[in-house]
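# sequence unavailable; structure follows:
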């Protein structure tokens with residue numbers, strides 16, 4: 001059986017996309033070469049558009065919007081899985 005959608009990459013972003021598509025009724029296949037090499041391990045889920053010095057504009061606005069939705073996303077994951085995500089909105093100290 002062929003999938004409706006093929007997601008390449010099994011890190012946090014790839015899996016989040018796959019889950020949302022599946023919840024909307026699509027059949028999804030995820031291809032991931034090596035989960036240990038996924039970018040999620042490097043950034044540890046950090047969402048910090050200001051610390052990354054993203055200049056004002058559409059990309060920064062998208063990043064800020066994404067960050068504002070993250071708490072609801074982790075709650076959704078916890079409700080779906082019955083497992084804690086470990087999300088902790090602690091902030092960041094970024095010296096200039």
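Sure, I can see it. Treat the numbers as computed from the prediction; the structure is a model and nothing was measured. Residues are numbered from 1 along each chain as shown.
# count of neighbours near residue 15?
Using other CB atoms under 10 Å, residue 15 has 19 other residues around it. Where you see a C-beta, it was placed from the backbone N, CA and C, and this is true even at glycine.
# what's the closest non-adjacent residue to it?
Spatial nearest neighbour of residue 15, excluding adjacent residues (CB to CB, 6 or more residues apart in numbering): residue 30 at 6.7 Å.
# ok, now residue 4?
Among residues not flanking residue 4 along the chain, residue 26 sits closest, at 4.3 Å (CB to CB, 6+ apart).
# residues near residue 18, how many?
For residue 18, using other CB under 10 Å, the count is 20.
# assumed it was part of a strand.
No: going by DSSP: H, G, I helix; E, B strand; the rest coil, the assignment for residue 18 is helix, not a strand.
# quick one: it from residue 29, how far?
Counting by CB to CB, to the nearest Å, the separation of residue 18 from residue 29 is 8 Å.
# now do the shared contacts for these two.
The overlap between the contact sets of residue 18 and residue 29 (CB atoms under 8 Å, 6 or more residues apart in numbering) consists of 5, 7.
# give me the phi and psi for residue 29.
Torsion angles at residue 29 (phi, psi; degrees, to the nearest 10) stand at phi -120, psi 130.
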